[in-house]
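Colleague: kindly generate the corresponding structure for this input.
(chains A and B)
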There are 2 protein chains.
Amino acid sequence: MSNPFARLSLNTMTTKNWTLRQAAEATAAAGLPAIGVWRDRVAESGVELSAKILRDNGLRVSSLCRGGFLTGVDDGPAAVDDNRRAIDEAATLGAPELVMVMGGIPDRDLVGARARMAQRLADLVPYAAERDVRLALEPLHPVFCADRAVICTLTQALELAAPHPARSVGVVVDTFHVWWDPALAGAIAAAGAQGRISSFQICDWLVPMAADPLVSRGMMGDGVIDFAAIGALVRDAGYVGDVEVEIFNEAVWATDGSTVLETMKQRYHDLVWPTLAG
Amino acid sequence: MSNPFARLSLNTMTTKNWTLRQAAEATAAAGLPAIGVWRDRVAESGVELSAKILRDNGLRVSSLCRGGFLTGVDDGPAAVDDNRRAIDEAATLGAPELVMVMGGIPDRDLVGARARMAQRLADLVPYAAERDVRLALEPLHPVFCADRAVICTLTQALELAAPHPARSVGVVVDTFHVWWDPALAGAIAAAGAQGRISSFQICDWLVPMAADPLVSRGMMGDGVIDFAAIGALVRDAGYVGDVEVEIFNEAVWATDGSTVLETMKQRYHDLVWPTLAG
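Modeller: Residues are numbered from 1 along each chain as shown, chains lettered A, B, ... in the order given. Model prediction:
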């Protein structure tokens, strides 16, 4: 039987209180091959040392989180510059995918915000392509449309990606953000057929929600998401990349990181891996 | 110039602490022609007396809220029975539209819940049609998919309605629930072309959200929704029916109902009516 954990990746947000070195060493010690890295963790050590830490621990970098926030009215050039830096960081880290959370609405003009986002994405694509970094557009749950992400569905992410080559612009499938979508099956199949699935991120939708939706993500099995159903869609779409566990949750963050890692491995083994392997 | 309030309707949830008689008398005194009624207010007086109160105040009943909750595993027959009673109530009240909030997921099987909902809707359609009551399918914001409504988009509501005649099954456009939807323009146009817009409900999306999303609705103008943009879509889709203000909000509920009514009229006059009239 193949190694159940051959595609499992720890996103550093799940063990938020660990430094990059702590997360990398624990991930390697737990027998995981990959890690998804947030820029704040990289900034602590600097990008060169971060790259060395990840290499020394033999880890793939499944993604760098995150670029984006490209919807502002006045800060467009500064935001594009910051995204260029994020692309450079991804290239240095050997992260093939830069997760893009595109930003909310600075005013009431949702149509305008979406138009600015599309234009600034187009501005960034050549720069990313030259560095072999793919911009991975992440649709967030519509509860975040106002303050974080005007991309609300996978279908919409694919429409935004369509003018660009699949090797330069992909999409993220995050169970927490997409599980409710009545058009999900068709959208995942289309993303796979286009070769655009950049990342499969997993965590659960808790009921009741936390007071702040941002930290209402749960460990797989603690909420209502059917991981077998969504896992089958992703598998049948041909995705063979890493599976990143990214959990924003105060209780998880208050738990010892090693315990979180063990729980995450167990839940992945029980709830996600059987379908992906199937 | 035509009366700006000729289509404005107070939903009883907005003035939650009023009895049906208080709400009806205040609505009529404020010069509004219509009221949207929740079943709990009707139950307090009984349906016959409620109908008389509404008639005596010369009010149209823009909708009865609500039927639905048809996704359960074991309580299907009881839920269908309760919906038949809701249809009877709507007929007695002279409410042409029964708003349907279809229910959440009792387990992790979203696909199964949606299938049960579709079957039970089909069971109810002939009963509703015989009584000249339209079942108005309401997509709720996806934040409520788990606990309240597995219909998450207007497009999905139209697909569910498609097998049934437009005079028997319609859809609700509620700004709070649909404002984020990247497919909104096409869906509203399609709903209009099919003659299926049962109700246009308005309130705002607050930022930050209330800790409980259910009561995070705001008075028009207090949040981020572009009422001119959505109003134009509804107008261009040919909708000429009532515009119901339905707000779940602790601060609004703690305010004197007459003050709420005056604020609601002013905001409607300033933010919504110009577009609908245009």
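Colleague: going forward, measure contacts and count neighbours with C-alpha atoms only.
Modeller: Noted.
Colleague: alongside chain B, which residues does the stretch 1-150 of chain A contribute?
Modeller: A:107-110, A:141-143, A:145-147, A:150 (CA under 8 Å from any CA of the partner chain).
Colleague: buried residues in the one helix or strand A:Glu159 maps to?
Modeller: Element membership for A:Glu159 (DSSP states H and E) is helix A:154-161. Across helix A:154-161, burial judged by 16 or more other CA atoms under 10 Å in any protein chain shown covers A:154-158, A:160-161.
Colleague: elements contacting the strand ranked longest in chain A?
Modeller: Looking across chain A with DSSP state E, the single longest strand is strand A:60-68. Secondary-structure packing of strand A:60-68 (3 or more CA pairs under 8 Å, 6 or more residues apart in numbering or on different chains; DSSP states H and E): strand A:34-38, helix A:39-45, helix A:76-93, strand A:97-101.
Colleague: now do it against strand A:97-101, angle only.
Modeller: 30 degrees (axes from the mean of the first three to the mean of the last three CA atoms, to 10 degrees).
Colleague: run the chain-centre distance for strand A:60-68.
Modeller: 7 Å (CA atoms, centre = their mean, to the nearest Å).
Colleague: strands paired with that strand, and their directions?
Modeller: strand A:34-38 (parallel), strand A:97-101 (parallel) (DSSP bridges).
Colleague: now the ones you listed in a markdown table, with mean neighbour count and distance to A:Pro208?
Modeller: Shown next, in a markdown table, are the strands paired with strand A:60-68 (neighbours: other CA atoms under 10 Å in any protein chain shown; distance: least, CA to CA, whole Å):
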| stretch | mean neighbour count | distance to A:Pro208 |
| --- | --- | --- |
| strand A:34-38 | 26 | 27 |
| strand A:97-101 | 27 | 25 |
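Colleague: as JSON lines, those with distance to B:Val243 and mean pLDDT would be great.
Modeller: Listed next are the strands paired with strand A:60-68 as JSON lines, based on distance: least, CA to CA, whole Å; pLDDT from 0 to 100:
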{"stretch": "strand A:34-38", "distance to B:Val243": "46", "mean pLDDT": "98"}
{"stretch": "strand A:97-101", "distance to B:Val243": "35", "mean pLDDT": "98"}
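Colleague: and for the spatially closest residue to A:Val178 that is not a sequence neighbour, the neighbour number?
Modeller: In space, and not counting its chain neighbours, A:Val178 is closest to A:His141: 6.4 Å by CA to CA, 6 or more residues apart in numbering or on different chains. Neighbourhood size, A:His141 [other CA atoms under 10 Å in any protein chain shown]: 24.
Colleague: please report phi then psi for the closest residue to chain B within the stretch 151-278 of chain A.
Modeller: Going by CA to the nearest CA, chain B is nearest to A:Ala211 of the stretch 151-278 of chain A, at 4.2 Å. In terms of degrees, to the nearest 10, the main-chain angles of A:Ala211 are phi -60, psi -30.
Colleague: so what's it up against?
Modeller: B:210-212 (CA atoms under 8 Å, 6 or more residues apart in numbering or on different chains).
Colleague: the helix-or-strand element of chain A with minimal mean pLDDT and chain B, are they touching?
Modeller: In chain A, no helix or strand scores lower on mean pLDDT, DSSP states H and E than helix A:273-277, which sits at a mean of 94. No. Residues of helix A:273-277 are not located near chain B by CA under 8 Å from any CA, the shortest gap being 15.8 Å.
Colleague: what is that helix packed up against?
Modeller: Helix A:273-277 packs on helix A:227-236, going by 3+ CA pairs under 8 Å, 6+ apart.
Colleague: what's the helix it packs on in contact with?
Modeller: By CA under 8 Å, 6+ apart, helix A:227-236 touches A:175, A:179, A:185, A:188-189, A:192, A:200, A:220, A:271-272, A:275-276.
Colleague: state the distance from A:Leu214 to B:Phe176.
Modeller: With the distance defined as CA to CA, to the nearest Å, A:Leu214 ends up 19 Å from B:Phe176.
Colleague: stretch A:262-271: which residues count as buried?
Modeller: Those would be A:264-265, A:267-268, A:271, for stretch A:262-271 by 16+ other CA under 10 Å.
Colleague: and what of stretch A:221-236?
Modeller: The neighbour-count check on stretch A:221-236 (16+ other CA under 10 Å) flags A:221, A:223-227, A:229-236 as buried.
Colleague: repeat for stretch A:244-254
Modeller: Quick answer for stretch A:244-254 (16+ other CA under 10 Å): A:244-249, A:252-253.
Colleague: on that earlier part again, return the longest strand of chain A as PDB; C-alpha atoms alone will do.
Modeller: This file holds the C-alpha atoms of strand A:60-68, laid out as PDB (Å, rounded to 0.1, in the frame of the first residue of the first chain):
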ATOM      1  CA  ARG A  60       8.300  20.600  -1.100                       C
ATOM      2  CA  VAL A  61       6.600  24.000  -0.900                       C
ATOM      3  CA  SER A  62       3.100  23.300  -1.900                       C
ATOM      4  CA  SER A  63       2.200  27.000  -2.000                       C
ATOM      5  CA  LEU A  64       3.100  30.500  -0.800                       C
ATOM      6  CA  CYS A  65       0.200  32.400   0.800                       C
ATOM      7  CA  ARG A  66      -0.500  35.000  -0.300                       C
ATOM      8  CA  GLY A  67      -0.600  37.600  -2.900                       C
ATOM      9  CA  GLY A  68      -3.600  39.600  -4.000                       C
END
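Colleague: can you narrow the buried residues of helix A:154-161 to ones near chain B?
Modeller: A:Gln156.
Colleague: what residues does the stretch 151-278 of chain A have near chain B?
Modeller: A:151-153, A:156, A:180-182, A:207, A:210-212, A:224-226.
Colleague: in strands, which of those residues appear?
Modeller: Judged by DSSP E, strands contain none of those.
Colleague: just send those residues back as CSV, with pLDDT too.
Modeller: Listed next are these as CSV, based on pLDDT from 0 to 100:
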residue, pLDDT
A:Ile151, 98
A:Cys152, 98
A:Thr153, 98
A:Gln156, 98
A:Trp180, 98
A:Asp181, 98
A:Pro182, 98
A:Val207, 96
A:Ala210, 94
A:Ala211, 93
A:Asp212, 94
A:Val224, 98
A:Ile225, 98
A:Asp226, 98
